[in-house]
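>>> Show me how the following folds:
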Amino acid sequence: IYSLSKASKKILARLPDRLIIKAYFTKDLPREYGLNRKYIEDLLSEYKVYSRGKIKFEFIDPSSDKELLSEARASGVIPVQFTQIERDKYELKEGYMGIVFLFGPKKEVIPVVKSTEGLEYDITGKIKKLTSEKTKTIGFTTGHNETTEFGEMEQYIESQYNIKRLEKDA
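Below is the predicted model:
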């Protein structure tokens, strides 16, 4: 299940230097998210193997320490609220399920991992963007009464490219 695609293996084989991955996951997450954590741990182990030791990863529970909590938030990992029924009580809890990628001075973040679907693609995309010498830019023209908010599509494009908005001259 955890074997990486040929494209991911190729990118990992070409890593120029050490890449650090910090996975911020609260320990007492509901069962479905706890399974995600295990899947991610196994997946990152595969990344480490195919990178020939250039990837180092660690799992951090930010709820165990205020400094770690501040570090997670400052890195762009956002808290997620979920409900849990415990001892016949309906409780609202907060947890963390995000991943930070560090390559020299560059940083990329997956603020929340809600699902493992497509996660290999997302992780490999972040690694490729971080390690590429030059990131391509996509330009969008504005000022022609068009929609300038693209929502999820813009987030998807931004994960691989820089976005530049080009204003129409008056």
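>>> Distance check, the nearest residue to Arg18 once chain neighbours are set aside against Lys10.
Distances taken as C-beta to C-beta, 6 or more residues apart in numbering put Lys54 closest to Arg18, at 5.4 Å, once the chain neighbours are dropped. Using the backbone N, CA and C atoms, a C-beta is placed for each residue, glycine as well. According to C-beta to C-beta, to the nearest Å, Lys54 and Lys10 sit 14 Å apart.
>>> neighbour count winner among those two?
For Lys54 and Lys10, the more surrounded residue by other C-beta atoms under 10 Å is Lys54, and the numbers stand at 17 against 13.
>>> Determine the set of other helices and strands touching the helix or strand harbouring Asn36.
Taking DSSP states H and E as the definition, one finds Asn36 inside helix 31-50. Helices and strands touching helix 31-50, by 3 or more C-beta pairs under 8 Å, 6 or more residues apart in numbering; DSSP states H and E, are helix 6-13, strand 19-25, strand 55-60, strand 89-103, helix 119-131.
>>> Was I right to think Val100 contacts Lys22?
Yes: using C-beta atoms under 8 Å, Val100 is in contact with Lys22, at 4.6 Å.
>>> The helix or strand hosting Lys107: partners in the sheet, and parallel or antiparallel?
Using DSSP H and E, Lys107 falls within strand 106-110. Strand pairing for strand 106-110, using DSSP bridges, gives strand 89-103 (antiparallel).
>>> relative to helix 119-131, how tilted is the strand it pairs with?
Taking axes from the mean of the first three to the mean of the last three C-alpha atoms, to 10 degrees, one finds that strand 89-103 is oriented at 40 degrees with respect to helix 119-131.
>>> and the angle from strand 89-103 to strand 55-60?
Counting by the same axes, to 10 degrees, strand 89-103 lies at 160 degrees to strand 55-60.
>>> What average pLDDT does strand 89-103 get?
Mean per-residue pLDDT for strand 89-103: 89.
>>> now stretch 26-33
In this model, stretch 26-33 carries a mean pLDDT of 81.
>>> And for that stretch, what's in contact with it?
Contact partners of stretch 26-33, identified using C-beta atoms under 8 Å, 6 or more residues apart in numbering, comprise 37, 61-64, 82, 84, 93-97.
>>> ok, back up a step: just give me how far the helix holding Asn36 sits from the chain centre.
Counting by C-alpha atoms, centre = their mean, to the nearest Å, helix 31-50 is centred 13 Å from the centre of its parent chain.
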